[in-house]
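>>> sequence and predicted structure, then a few things I'm wondering about:
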Amino acid sequence: MSHPMLTVKQAGPLALIQDAGRFGVGHLGVTQGGAADWIAFRWANWLLGNPLESAALEIVMGGNLTLVANSDVRLALTGADLAATLDGQPLAPNDSFMMQAGQTLVFRQPKKGLRAYLAFPGGLDAPEVLGSQACTAREQIGGLHEDGKPLKTGDQLTWKGSSATPRQLPQGTQLPLPDSEETVLDMVLGSQAAHFAGRSLFDAFNQPWTVDQRADRMGIRLTGKALNSRLGGIVSEGIPLGAVQIPPDGQPIILMNDRQTIGGYPRLGALTPMACARLAQCLPGTKVRLQPISATQAQAALQSAVIEVAVRLKSPSSGAFIDRVPNEPLASSPGHWQCDAVYPTLPRWRQRKHR
Amino acid sequence: MKLRLETAAMDALTVRLFDAIDETNMAWIMAADEALRRAFDHALIDLIPSYTTLLVHYDCQRLTFAQASTLARGALRNLTPADAQQGQLHEIPVWCDERVGPELPTVAQRAGLSVEALIERHCSHDYCVFALGFAPGYGFMGLVDEAIATPRLKTPRRRVAAGSVGIADRQTAIYPLLSPGGWNILGRTAVPLFEHAKRGEPLLRPGDKVRFKAISQSEFEAAGGDTTPLEERS
């Protein structure tokens, strides 16, 4: 019998191998990459009992991506509802499922959200470059063929583990998806915000923005009433994830995982990593609202989200997954709430040393 | 040097040392790079030095915003500029020919120089590497002699070959891999910048110096250079 694998019978528009991303390499000009909705990505791995940063498939839109199994395998699917079917039967969202030899898995079109994550036992098997399996097309790094290209018809997906330890999503867990009315995105105000006209600062937070067609893993453009900065171009400087960059036309570009490492447009601030995950699920046309927040508030909100999940995971219904809860409030134990446990809502950017 | 700490993101700070590009900045930027790496240690996720700033991406599970700010401030107190000799000097051989450097005549004409004089001018300065960005291993270098400084192309090319050496205003750079780009291309090098970057060992690092050396087609070919004309690729 041949090695267990999934064969790509038909490639959709964009399915990429992604993990947490590349860290500690920004100074080489290498982008971060990694799953754009990192929360859904981590939950997908959690559902199989994988290390949460194991490489998975990020499926954008669906577009009839068709995968066929040559042996029985347990997979997990989270994130967007892309009308996925297994031999014609709809799959429940945010759950693991058995795919039997000969069965066909198809992703059709987005019903809610934009990016689905498909996790494999032990994570996908693909070459590592600079400490990560993340696939970045622009840099020609990562992917099955080490050329940064998305999946193509005929590709064969193999995985590292021989079995999975399936888990159920704790009841009441919310994964990042756009809201039907308006999706609120928390944005940490950056120091350059002071260079924006008062009117523009008001407009930034008091109008619905529309997610534009011009959206990819590098950046997502928003359209609305133009914002004006008194800074023209600036000297290029390092750009964080979620940076809200304002080019001369006044229409913001949110810089995502595959952004260039440095850039020279004025910035209003940066979305929080949680807001980036939500934005990654917004189809063009989605209405979003920017909400200002301080860095300290944002860090506290992240900690609360982690605690909330930790509490859910401690409940008996969630099975045996119990770990240390970061139960010290941020104020009483400043800066020391990190935990060795793996929480799906905690971004654990892996640190790598590349000098 | 005037130190300012700015909020960049939930878990990132911009350390601003200067307002304008200058070759003398780099000794300070590199000293700050070293000091911040040491101070943040395991709480550092990424540190991106650039012309006038450093972006510090820290682990917010280990450090609060206030702690990170205090740590950065402490690390940069009493900063002394790095030894100017610390950066490496790289000699990069470049084949300057219209086939692989289609802007040679236009840049020369604009400067009122012959193509030979332009090449000589471009090769006569030890350029400072200000930052890596745009693509893995892509070094932004300067400052190019005012006389030959040329603005970017009005319409960027969709495909610029790996190894292409270009100038834009007072900066010069080498494209490590095939990518779109709007710089004025003067020639091509066979030095494999991308392969170095992919291994985590970039040839050029901020603070290094680069001296271009004009070589002949046969030398370029002997070094493994690809002579496919640039325009054919677009």
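Perfect, thanks for sending it.

>>> just the helices in the chain please.
Since you didn't name a chain, this refers to chain A. A:38-48, A:198-205, A:273-279, A:295-314 (DSSP state H).

>>> should've been chain B
So, for chain B - with DSSP H - the helices run B:25-40, B:65-76, B:104-111, B:115-122, B:193-198, B:217-222, B:230-233.

>>> the longest one packs against which elements?
Contact partners of helix B:25-40 among helices and strands, from 3 or more C-beta pairs under 8 Å, 6 or more residues apart in numbering or on different chains; DSSP states H and E: strand B:44-49, strand B:53-58, helix B:65-76, strand B:127-132. For glycine as for every other residue, the C-beta is placed from the backbone atoms N, C-alpha and C.

>>> let me have the ones you listed in CSV, extended by mean neighbour count, mean pLDDT and distance to chain A.
As requested, the helices and strands packed on helix B:25-40 are exported to CSV (neighbours: other C-beta atoms under 10 Å in any protein chain shown; pLDDT from 0 to 100; distance: least, C-beta to the nearest C-beta, whole Å):
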stretch, mean neighbour count, mean pLDDT, distance to chain A
strand B:44-49, 24, 95, 3
strand B:53-58, 27, 96, 3
helix B:65-76, 18, 96, 4
strand B:127-132, 26, 94, 4
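
>>> let me have the ones you listed in TSV, adding distance to residue A:248 as columns.
Compiled in TSV, those are given as follows (distance: least, C-beta to C-beta, whole Å):
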stretch	distance to residue A:248
strand B:44-49	24
strand B:53-58	21
helix B:65-76	31
strand B:127-132	22
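
>>> select, out of the helices of chain B, the one closest to residue A:194.
Nearest to residue A:194, of all those, is helix B:65-76, at 17.1 Å by C-beta to C-beta.

>>> and the closest one, what other elements does it pack with?
Helix B:65-76 sits against helix A:295-314, strand B:4-9, strand B:12-16, helix B:25-40, strand B:53-58, with contacts defined as 3+ C-beta pairs under 8 Å, 6+ apart.

>>> recalculate using a threshold of 7 Å.
helix A:295-314, strand B:4-9, strand B:12-16, helix B:25-40 (3 or more C-beta pairs under 7 Å, 6 or more residues apart in numbering or on different chains; DSSP states H and E).

>>> quickly compare these and say which is most buried.
For the helices and strands packed on helix B:65-76, average neighbour numbers computed from mean count of other C-beta atoms under 10 Å in any protein chain shown are highest in strand B:12-16, which has a mean of 24.

>>> let's see that strand as CSV, backbone CA atoms only.
Output of strand B:12-16 as CSV, limited to C-alpha atoms (Å, rounded to 0.1, in the frame of the first residue of the first chain):
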residue,chain,number,x,y,z
ALA,B,12,5.5,46.4,19.0
LEU,B,13,7.4,49.6,19.6
THR,B,14,9.2,51.8,17.1
VAL,B,15,12.5,53.2,18.4
ARG,B,16,13.1,56.4,16.5
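
>>> contacting residues for the spatially closest residue to residue B:149 that is not a sequence neighbour?
Spatially, and ignoring its direct neighbours in sequence, residue B:149 is nearest to residue B:170 (4.6 Å; C-beta to C-beta, 6 or more residues apart in numbering or on different chains). The neighbours of residue B:170, taking C-beta atoms under 7 Å, 6 or more residues apart in numbering or on different chains as the test, are B:142, B:143, B:144, B:146, B:149.

>>> repeat that for residue B:143.
Residue B:143 neighbours (C-beta under 7 Å, 6+ apart): B:23, B:170.

>>> now with 6 Å, please.
Neighbouring residues of residue B:143 by C-beta atoms under 6 Å, 6 or more residues apart in numbering or on different chains: residue B:170.

>>> for it, give its distance to chain A.
Noted for residue B:143: a distance of 13 Å to chain A, by C-beta to the nearest C-beta, to the nearest Å.

>>> just to revisit the earlier point, can you flag the buried ones in the contacts of residue B:170?
Burial of these was assessed by neighbour count (16 or more other C-beta atoms under 10 Å in any protein chain shown); the buried members are B:142, B:143, B:144, B:149.

>>> ok, of the helices of chain A, where does mean pLDDT dip lowest?
Confidence, taken as mean pLDDT, is least for helix A:295-314 of these (a mean of 82).

>>> for the residue lying closest to residue A:140 once chain neighbours are set aside, what are its contacts?
Nearest residue to residue A:140, sequence neighbours excluded (C-beta to C-beta, 6+ apart): residue A:148, at 4.4 Å. Residues near residue A:148 by C-beta under 6 Å, 6+ apart: A:135, A:136, A:137, A:139, A:140, A:141, A:142.

>>> now tabulate the residues you listed in CSV and tack on neighbour count and pLDDT.
Output for the contacts of residue A:148, formatted as CSV (neighbours: other C-beta atoms under 10 Å in any protein chain shown; pLDDT from 0 to 100):
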residue, neighbour count, pLDDT
A:135, 32, 96
A:136, 26, 95
A:137, 19, 90
A:139, 25, 91
A:140, 21, 91
A:141, 25, 93
A:142, 28, 93
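
>>> tell me the one of the residues you listed nearest residue A:258?
When these are ranked by distance to residue A:258 (C-beta to C-beta), residue A:136 comes first, at 5.3 Å.

>>> can you get me a residue count around the nearest residue to residue A:278 once chain neighbours are set aside?
Of all residues beyond its chain neighbours, the one nearest residue A:278 is residue A:176 (4.3 Å), with distances taken as C-beta to C-beta, 6+ apart. When neighbours are defined as other C-beta atoms under 10 Å in any protein chain shown, residue A:176 has 24 of them.

>>> first to last residue in stretch A:46-64, what's the distance?
26 Å (C-alpha to C-alpha, to the nearest Å).

>>> on that earlier part again, farthest-separated two in the contacts of residue B:170?
Applying C-beta to C-beta across the contacts of residue B:170, the maximum distance is between B:142 and B:146, 11.1 Å.

>>> what pLDDT does the closest residue to chain B within the stretch 151-300 of chain A get?
Nearest to chain B, among the residues of the stretch 151-300 of chain A, is residue A:238, at 2.6 Å (C-beta to the nearest C-beta). On pLDDT, residue A:238 comes in at 96.

>>> tell me the bridge partners for the closest residue in space to it that isn't next to it in sequence.
Computed as C-beta to C-beta, 6+ apart, the closest residue to residue A:238 that is not its neighbour in sequence is residue B:55, at 2.6 Å. Judged by DSSP bridges, the bridge partners of residue B:55 are residue B:14, residue B:48.

>>> residue contacts, residue B:55?
Counting by C-beta under 6 Å, 6+ apart, residue B:55 makes contact with A:238, B:14, B:48.

>>> how close does the residue nearest to residue A:140 sit to residue A:139?
To residue A:139, residue A:148 is 6 Å away according to C-beta to C-beta, to the nearest Å.

>>> same thing with residue B:133?
In this view, residue B:133 and residue A:139 are 12 Å apart by C-beta to C-beta.

>>> do residue A:260 as well
Separation of residue A:260 from residue A:139 (C-beta to C-beta): 10 Å.

>>> for residue B:165, which of the helices and strands packed on helix B:25-40 is the nearest?
It's strand B:127-132; of those, that one is closest to residue B:165 (C-beta to C-beta) at 10.8 Å.

>>> relative to helix B:25-40, how tilted is the closest one?
Here strand B:127-132 runs at an angle of 40 degrees relative to helix B:25-40 (axes from the mean of the first three to the mean of the last three C-alpha atoms, to 10 degrees).

>>> the inter-axis angle of strand B:127-132 versus strand B:44-49?
With the same axes, to 10 degrees defining the directions, strand B:127-132 sits at 140 degrees from strand B:44-49.

>>> strands paired with strand B:127-132, and their directions?
With DSSP bridges as the test, strand B:127-132 pairs up with strand B:139-142 (antiparallel), strand B:209-215 (antiparallel).

>>> distance of residue A:246 relative to residue B:225?
41 Å.

>>> domain boundaries for the chain, per the record?
Picking chain A for this. Domain assignment for chain A by automatic domain parsing gives A:6-157, A:183-293.

>>> hmm, I had chain B in mind actually
If you go by automatic domain parsing, chain B breaks into B:4-76, B:89-233.

>>> who in the stretch 51-200 of chain A is up against chain B?
Applying C-beta under 6 Å from any C-beta of the partner chain, we find that the stretch 51-200 of chain A lies next to chain B at A:130, A:139, A:140, A:188, A:190, A:191.
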